[in-house]
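Asker: Got a predicted model here, sequence first, then my questions.
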There are 2 protein chains.
Amino acid sequence: MERNLKSAQTRARLVDATIRCIVKFGYANTITSKIAAEAGMSRGAMLHHYEFGSALIKATIVELHERRIRAFRRASNTVSHDPATMVREYWRQLQKPAFVAFHELALAARTSKDLARILHPLEIDYRERFMKEAVELFPEWHADRKSLQVAMTLSQTLLEGMAIKVHTGSMDQKMIEPMLRLVERELYVMNPDLKIRHDAEATVLKGAAKARTKSDRY
Amino acid sequence: MERNLKSAQTRARLVDATIRCIVKFGYANTITSKIAAEAGMSRGAMLHHYEFGSALIKATIVELHERRIRAFRRASNTVSHDPATMVREYWRQLQKPAFVAFHELALAARTSKDLARILHPLEIDYRERFMKEAVELFPEWHADRKSLQVAMTLSQTLLEGMAIKVHTGSMDQKMIEPMLRLVERELYVMNPDLKIRHDAEATVLKGAAKARTKSDRY
DNA sequence: ACAAAAAAACAAGCATGAATGTTTGTTTGG
DNA sequence: CCAAACAAACATTCATGCTTGTTTTTTTGT
């Protein structure tokens, strides 16, 4: 047990080092010597725990998958069931190294059968868990499952798309906050329960907007 | 002139081959021998036109940038100024190899200073052109430039995020159509010109709601 | 107009550097 | 003492850029 524990700790250190390397150098440039150096051990030692580099990559993918699930569960479980808080929490998770590394691997899997074989089943698993969690989280949405799925896909796609754009430097940082607010608002509007309240408030606001429009005309 | 033309054609063939290779094998596995084979010439011949592999990659990035600009201009120029049609056209563009290749390079640039030096200025250029085009395209939006920028960022981020998710196999194909409709609707709602009509309709409905609310009081 | 010369286009082989997995050797903890 | 953990050196593979050699096209001198 003691032996197994030490070994497990070392393997965990290697997986962590792999994630850091993928973030720093990209998956393509993550070579065994760099991982070993990052983990603070020799390449020989590393290959004692993982016979092939590919085995370590596989272990890393599994670890990232588990972190991804934990991250989403944390975003939905610990906080109040307020969509705004959940959006912020999920966005916070997307800033972590785990997401960057995961996306590097996901893109690499597009052209690597070996990676795809590992990743694809996990993607399916994640999607199922994601929706299952969402259904439990928004009971008021039970009536219209289709709409719930659209809302979840919207949030996920938009937030992840933003995260990718940010770390490829193709998004103006100034736009992050307005976009997050947009997602919050959208979730709020789409929610069939909250929608009722929203419409009521909107009625009040409309009056003010109308008045302003009128005065601006002259 | 004739000599230059032949050379230019060959270089274009090489750039095309590079794009195809990046799509097929990924940027990391796009090696000079594969490009030469894909272009139907020897590696030696290829290195005659581009002294280094990096020079060919640079030329490819520039070409992809130009295609990207042309694609967006086509989406906004040729069609009616109907947001729905524009969304469809932009989505169609994102299915092309150019987008896949561009994203491969953009992600690689995250960890490659050389690539970043080439890509970053082009990203800036693209963003500027994108917004300039958008401003001309929606004159009714002039009053609220901030809101226009949010709307454009939303569309772009969501559509590109979807495209990435689709080609990494992490999105249910069934969701594409509902999501596209969502973007269309959102653009429609956010447009200040159409919003007036929308609000007007809403006001009518509100009246009914209000009346009902009032009568419910008693 | 046409052969010779020059230049460009193309092809193939070689040498270097780098990454991988293997092997062999050394240390350490139970 | 022995088995796991760690380290170092080696052989192989492979992508790159360079060099050298061949073909095709263009230019040029008469």
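Answerer: Alright, I've got the coordinates.
Asker: gap between stretch A:49-64 and the chain center?
Answerer: Here stretch A:49-64 is found 21 Å from its chain centre; the criterion is Cα atoms, centre = their mean, to the nearest Å.
Asker: wait, does that stretch contact DNA strand C?
Answerer: Yes - interface with DNA strand C: stretch A:49-64 contributes A:Glu51, A:Phe52, A:Gly53, A:Ser54 (Cβ under 7 Å from any atom of the strand). All C-beta spots, glycine's among them, are computed from the backbone N, C-alpha and C.
Asker: Just the buried subset of these, please.
Answerer: A:Gly53 (16 or more other Cβ atoms under 10 Å in any protein chain shown).
Asker: now the residues of stretch A:49-64 next to DNA strand C as JSON lines including pLDDT?
Answerer: Formatted as JSON lines, the residues of stretch A:49-64 next to DNA strand C follow (pLDDT from 0 to 100):
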{"residue": "A:Glu51", "pLDDT": "91"}
{"residue": "A:Phe52", "pLDDT": "94"}
{"residue": "A:Gly53", "pLDDT": "93"}
{"residue": "A:Ser54", "pLDDT": "96"}
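Asker: residues contacting A:Met179?
Answerer: The contact partners of A:Met179, by Cβ atoms under 8 Å, 6 or more residues apart in numbering or on different chains, come to A:Leu158, A:Met162, B:Val150, B:Thr153, B:Leu154, B:Thr157.
Asker: Spit out the contact partners of the last one.
Answerer: If I follow you right, that is B:Thr157. Taking Cβ under 8 Å, 6+ apart, we find B:Thr157 in contact with A:Leu158, A:Gly161, A:Met162, A:Lys165, A:Met171, A:Met179.
Asker: Look up the pLDDT of the residue in chain A that DNA strand D sits nearest to for me, please.
Answerer: Scanning chain A for the residue nearest DNA strand D gives A:Gly44, at 2.3 Å (criterion: Cβ to the nearest atom of the strand). As predicted, A:Gly44 sits at a pLDDT of 94.
Asker: Over to the one 3 residues further on?
Answerer: Looking at A:Leu47, its pLDDT reads 96.
Asker: which non-adjacent residue is nearest it?
Answerer: A:Thr32 (7.5 Å; Cβ to Cβ, 6 or more residues apart in numbering or on different chains).
Asker: and what of A:Leu64?
Answerer: A:Phe102 (4.9 Å).
Asker: wouldn't the one you found be in contact with A:Ile69 here?
Answerer: No - using Cβ atoms under 8 Å, A:Phe102 is not in contact with A:Ile69; the gap is 11.5 Å.
Asker: For A:Ala101, give me its contacts.
Answerer: Residues counted as contacts of A:Ala101 (Cβ under 8 Å, 6+ apart) are A:Ile19, A:Ile22, A:Val23, A:Tyr27, A:Thr60, A:Leu64.
Asker: rerun at 10 Å
Answerer: For A:Ala101, the contact set (Cβ atoms under 10 Å, 6 or more residues apart in numbering or on different chains) comprises A:18-24, A:26-27, A:30, A:60-61, A:63-64, A:67.
Asker: show me where pLDDT drops low in chain A?
Answerer: Low-confidence segments of chain A (pLDDT under 70): A:1-3, A:5, A:78-79, A:194-218.
Asker: Let me know the closest of the residues of stretch A:49-64 next to DNA strand C to A:Ile124.
Answerer: Of all the residues of stretch A:49-64 next to DNA strand C, A:Ile124 sits closest to A:Ser54, with 21.5 Å by Cβ to Cβ.
Asker: tell me what the strand or helix carrying the closest one is packed against?
Answerer: Using DSSP states H and E, A:Ser54 sits in helix A:53-77. Secondary-structure packing of helix A:53-77 (3 or more Cβ pairs under 10 Å, 6 or more residues apart in numbering or on different chains; DSSP states H and E): helix A:2-25, helix A:32-39, helix A:43-49, helix A:83-94, helix A:97-109, helix A:113-137.
Asker: How about stretch A:11-23, which residues are buried there?
Answerer: A:Arg11, A:Arg13, A:Leu14, A:Val15, A:Asp16, A:Ala17, A:Thr18, A:Ile19, A:Arg20, A:Cys21, A:Ile22, A:Val23.
Asker: re earlier: okay, and which of the contacts of A:Met179 map to helices?
Answerer: Under the assignment DSSP state H, those contribute A:Leu158, A:Met162, B:Val150, B:Thr153, B:Leu154, B:Thr157 to helices.
Asker: A:Asp193 is in contact with A:Glu140, isn't it?
Answerer: Yes - at 3.5 Å, A:Asp193 and A:Glu140 qualify as touching, with contact defined as Cβ atoms under 10 Å.
Asker: For chain B, what's its nearest residue on chain A.
Answerer: A:Gly161 (2.4 Å; Cβ to the nearest Cβ).
Asker: which residues touch that residue?
Answerer: Contacts of A:Gly161 by Cβ under 10 Å, 6+ apart are A:171, A:179, B:154, B:156-165.
Asker: and if we set it to 6 Å?
Answerer: By Cβ atoms under 6 Å, 6 or more residues apart in numbering or on different chains, the contact list for A:Gly161 reads B:Thr157, B:Glu160, B:Gly161.
Asker: Check the gap between the first one and DNA strand C for me.
Answerer: Spatial separation of B:Thr157 from DNA strand C under the definition Cβ to the nearest atom of the strand, to the nearest Å is 34 Å.
Asker: Can you tell me how far the nearest residue to the residue of chain A closest to chain B once chain neighbours are set aside is from B:Lys174?
Answerer: Nearest non-adjacent residue to A:Gly161, counting by Cβ to Cβ, 6+ apart: B:Gly161, 2.4 Å away. The spacing between B:Gly161 and B:Lys174, counted by Cβ to Cβ, to the nearest Å, is 17 Å.
Asker: go on, A:Gln149?
Answerer: The value you get for A:Gln149 to B:Lys174, if Cβ to Cβ is used, is 9 Å.
Asker: between those two, who's got more neighbours?
Answerer: Taking neighbours as other Cβ atoms under 10 Å in any protein chain shown, A:Gln149 and B:Lys174 compare with A:Gln149 leading, 19 against 10.
Asker: Chain neighbours aside, what residue packs nearest to the more buried one?
Answerer: A:Met131 (6.6 Å).
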